[in-house]
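Asks: Structure of the sequence below:
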Amino acid sequence: MHELFANHWLFKGLPLDSKELIYGKGALIELGAGDLIIEQTEPNGVLFLVLAGELRIAHPDAPEGGSGLTIGVVGSGGLLGDYSFIDGLPASATVTAQEKSLLHGIGHDILHGILDSDPSITVVIYRNLLEHYVARLRSVGAELESFLLLKMQ
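Replies: Below you'll find the model as predicted:
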C-alpha cells in the first residue's frame with residue numbers, strides 16, 4: 001500500500017486492515033502533464049486520492065486563455081471526485097494533471113459497497129469528510145469576510 005494512501009486524512013482512525021481492503025479494491029493511475037481525469041458536467045464514478053503530483057481544477061466555460069478559470073490546485077494528499085461520490089451528480093469542474101501525477105482511484109459503487117457492509121468504516125470516513133468540509137467552509141468564510149471588509153473601506 002502506498003504510504004500517502006495509508007496516511008491520508010480520509011482514513012484517519014481506520015484500522016490497517018480496512019485501509020488495505022479499500023486500497024485493494026482500487027487501482028493506481030499514472031497521469032502525464034495535460035492528461036484529463038475529470039470533465040465538468042460528465043458523470044464521474046471514481047473517488048481519486050492524489051498520491052503525487054499536481055492537478056488543476058477549472059471551470060472550462062469561463063474564459064481564461066481558452067482553458068477556463070482555475071478555481072484550485074490539488075497536490076499530494078488531495079481528494080478528487082468527492083462531491084460526485086456524495087451526491088451522485090456529474091462533475092462540477094474539469095481536472096487535468098499539471099505535471100506527472102499518481103492517483104489511487106476507487107469506483108464510487110465499490111466504495112459504497114464497502115461502506116454498506118461495514119458501518120464502522122462508514123462512520124470514520126464520513127466523519128473525516130465532514131471535518132474536512134467544515135475546515136474548508138471556515139476558510140472560505142474567513143476569506144469572504146476579509147473581502148467584504150476591504151470592499152466597505
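Asks: Helices of the chain, residue ranges please.
Replies: In the chain, the segments counted as helices under DSSP state H are 3-6, 16-25, 82-87, 108-117, 119-152.
Asks: ranking these by burial, who's on top?
Replies: Of all the helices of the chain, helix 82-87 carries the top mean neighbour count, a mean of 16, counting by mean count of other CB atoms under 10 Å. All C-beta atoms are positioned from the backbone trio N, CA, C, and that covers glycine.
Asks: okay, and for this structure, where does confidence drop off?
Replies: By pLDDT under 70, the weakly predicted segments of the chain are 61-67, 147-149.
Asks: rerun that using 50 as the cut-off
Replies: Within the chain, the segments meeting pLDDT under 50 span 65.
Asks: Which one of the helices of the chain lies nearest to H59?
Replies: Ranking these by proximity to H59 (CB to CB) places helix 82-87 first, at 13.7 Å.
Asks: rewinding a little: out of the helices of the chain, which gets nearest to G72?
Replies: For the helices of the chain, proximity to G72 was assessed by CB to CB; helix 119-152 is nearest, at 10.4 Å.
Asks: hang on, the earlier thing: tabulate the helices of the chain in a markdown table, adding columns for distance to F48.
Replies: Output for those, formatted as a markdown table (distance: least, CB to CB, whole Å):
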| stretch | distance to F48 |
| --- | --- |
| helix 3-6 | 11 |
| helix 16-25 | 13 |
| helix 82-87 | 9 |
| helix 108-117 | 11 |
| helix 119-152 | 14 |
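Asks: Who is H104 paired with across the strands?
Replies: Residues in a beta bridge with H104, per DSSP bridges, are L28, L49.
Asks: Counting neighbours, what do you get for it?
Replies: 21 (other CB atoms under 10 Å).
Asks: Roughly how far does it sit from L89?
Replies: Separation of H104 from L89 (CB to CB, to the nearest Å) stands at 22 Å.
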